[in-house]
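*Asks:* Would you be able to build a 3D model of this:
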Amino acid sequence: MFKRILSGATVAALTLLVSGTAMAADYNWTFQTSETAGEPGFINKQKWAESVKEMSGGRIEIEILPIGSVVPHTDTLDAVGSGILQGHLTDPSYFAGKDPAFAMMGNLVGAWSDPFELLGFMQSGGGHELYAELVEPYGVHFIGAAATEPEAFVSSKPLRSVEDLKGLKLRAPEGMVYEIFSKAGASPVALPGSEVFTALDKGVVEAADYTVFATNQAQGMNDVAPYPLYPGFHSLPLIDISMTKSVWDELPDDLKAILNASVDKFIFQHVYSVRKLDAEAVAKAKENPEIEIINWSGDERTKFRQIAQKEWENWAGKTEMTQRYYDAVVSYLKGRNQL
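*Replies:* From the prediction side, this is the model:
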């Protein structure tokens, strides 16, 4: 499925090629992420940096920083392009203010029910090429895409259908997600992630589009909003792994190959580690009789996607790139009988 994935033997050969002369790093880079320190995603990204160091025989060392360490999360694209940062691992939706295509490519709400559906599109449906084209004018080279599990949905009241979203006060980020929930009849409120727990606890909102089940459970979200929807039905963000184009262009071919291989390795490690954490968190939540995990039926998921599709069409007309992306996604999904 992943056309750039190198065989285990090839990766081993690349690693051995450079490991014998490991001394001081030839390249020291700083990458900023979109998570706080300690979150599963942040830890996995640190492990990716460690694997790059190992695979390159110590020639590349990458420091992974949490959200906001150097620049706000909305500014990493410019920071990477200018060399203030040498790379980022982040959600492209944060750059929607620069181009609406970032919102569509970052999180096409309702499109994907599994991370490998999105990753399949990126690798074989034209997604990688379109995103690389989108970021190149900013001085950024797109190494590759990763993804996490579908986000769960936390709620203080039982939501068993799309109909139950009507009038619901819910936290949603601005942009496409906000608009789709609004079209579904909800009353979205834009709040930063740091305020979600307090807003749920005090009844400012009744539900929230936030993150994966494991993180929700660890942060106590399911205790104050004991009707989580899982598996998620709405949101599956892309993870953009990019670096400064001028730095990439000057790298020797063997290190470019190692970086590409490291991202392919990270894809699987990240998805399955979060999937394992989610499964453990679900088991823990089920021990609490006050928590009811709700799983929407296929019919209800289809109803939500149909609402989302109308918003995809609205966004498609915004620019040439949003139209091209929309056309590519629709063609890919129809070709797989998923639309």
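
*Asks:* which ones are touching T322?
*Replies:* Contacts for T322 (Cβ atoms under 8 Å, 6 or more residues apart in numbering) come out as 100-101, 104, 315-316. Where you see a C-beta, it was placed from the backbone N, CA and C, and this is true even at glycine.

*Asks:* mind listing the strands for this structure?
*Replies:* Here the chain has its strands, by DSSP state E, at 27-33, 60-65, 87-90, 140-147, 153-155, 169-171, 187-189, 207-209, 238-244.

*Asks:* Which one of these lies nearest to N216?
*Replies:* N216 sits nearest to strand 153-155 of all those, at 5.4 Å, using Cβ to Cβ.

*Asks:* can I get the strands of the chain in JSON lines with mean neighbour count?
*Replies:* Converted to JSON lines, the strands of the chain look like this (neighbours: other Cβ atoms under 10 Å):
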{"stretch": "strand 27-33", "mean neighbour count": "20"}
{"stretch": "strand 60-65", "mean neighbour count": "20"}
{"stretch": "strand 87-90", "mean neighbour count": "28"}
{"stretch": "strand 140-147", "mean neighbour count": "23"}
{"stretch": "strand 153-155", "mean neighbour count": "27"}
{"stretch": "strand 169-171", "mean neighbour count": "22"}
{"stretch": "strand 187-189", "mean neighbour count": "18"}
{"stretch": "strand 207-209", "mean neighbour count": "26"}
{"stretch": "strand 238-244", "mean neighbour count": "25"}
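
*Asks:* Pipe these into a markdown table and attach mean pLDDT per row.
*Replies:* Below are the strands of the chain laid out as a markdown table (pLDDT from 0 to 100):
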| stretch | mean pLDDT |
| --- | --- |
| strand 27-33 | 98 |
| strand 60-65 | 98 |
| strand 87-90 | 98 |
| strand 140-147 | 97 |
| strand 153-155 | 95 |
| strand 169-171 | 95 |
| strand 187-189 | 94 |
| strand 207-209 | 94 |
| strand 238-244 | 97 |
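
*Asks:* Out of the ones you listed, which gets nearest to K256?
*Replies:* Here strand 140-147 is closest among those (Cβ to Cβ), at 9.0 Å.

*Asks:* partner strands of that closest one, parallel or antiparallel?
*Replies:* Its sheet considered, strand 140-147 pairs with strand 238-244 (antiparallel) by DSSP bridges.

*Asks:* Contacts for the partner strand, please.
*Replies:* So strand 238-244 is contacted by 29, 31, 41, 80-83, 85-92, 105-107, 118, 122, 131, 135, 139-148, 259, 263, 266, 270 (Cβ under 8 Å, 6+ apart).

*Asks:* residue contacts, P150?
*Replies:* Residues near P150 by Cβ under 8 Å, 6+ apart: 112-115, 212, 231-236.

*Asks:* Now do the contacts for the closest residue in space to K286 that isn't next to it in sequence.
*Replies:* Nearest non-adjacent residue to K286, counting by Cβ to Cβ, 6 or more residues apart in numbering: I293, 6.9 Å away. Counting by Cβ under 8 Å, 6+ apart, I293 makes contact with 228-230, 282, 285-286.

*Asks:* Tell me the one of the contacts of P150 nearest D299?
*Replies:* Lowest distance from D299 to the contacts of P150 (Cβ to Cβ) belongs to F233, with 11.5 Å.

*Asks:* In this structure the closest one contacts E300, no?
*Replies:* Yes: assessed by Cβ atoms under 8 Å, F233 is found in contact with E300 at 7.5 Å.

*Asks:* Please identify which of these two sits among more neighbours.
*Replies:* It is F233, of F233 and E300, that has more neighbours when counted by other Cβ atoms under 10 Å, with 26 against 18.

*Asks:* gap between that one and Y326?
*Replies:* 21 Å (Cβ to Cβ, to the nearest Å).

*Asks:* Kindly reformat the strands of the chain as CSV containing distance to G335.
*Replies:* Shown next, in CSV, are those (distance: least, Cβ to Cβ, whole Å):
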stretch, distance to G335
strand 27-33, 33
strand 60-65, 37
strand 87-90, 29
strand 140-147, 19
strand 153-155, 29
strand 169-171, 33
strand 187-189, 32
strand 207-209, 29
strand 238-244, 20
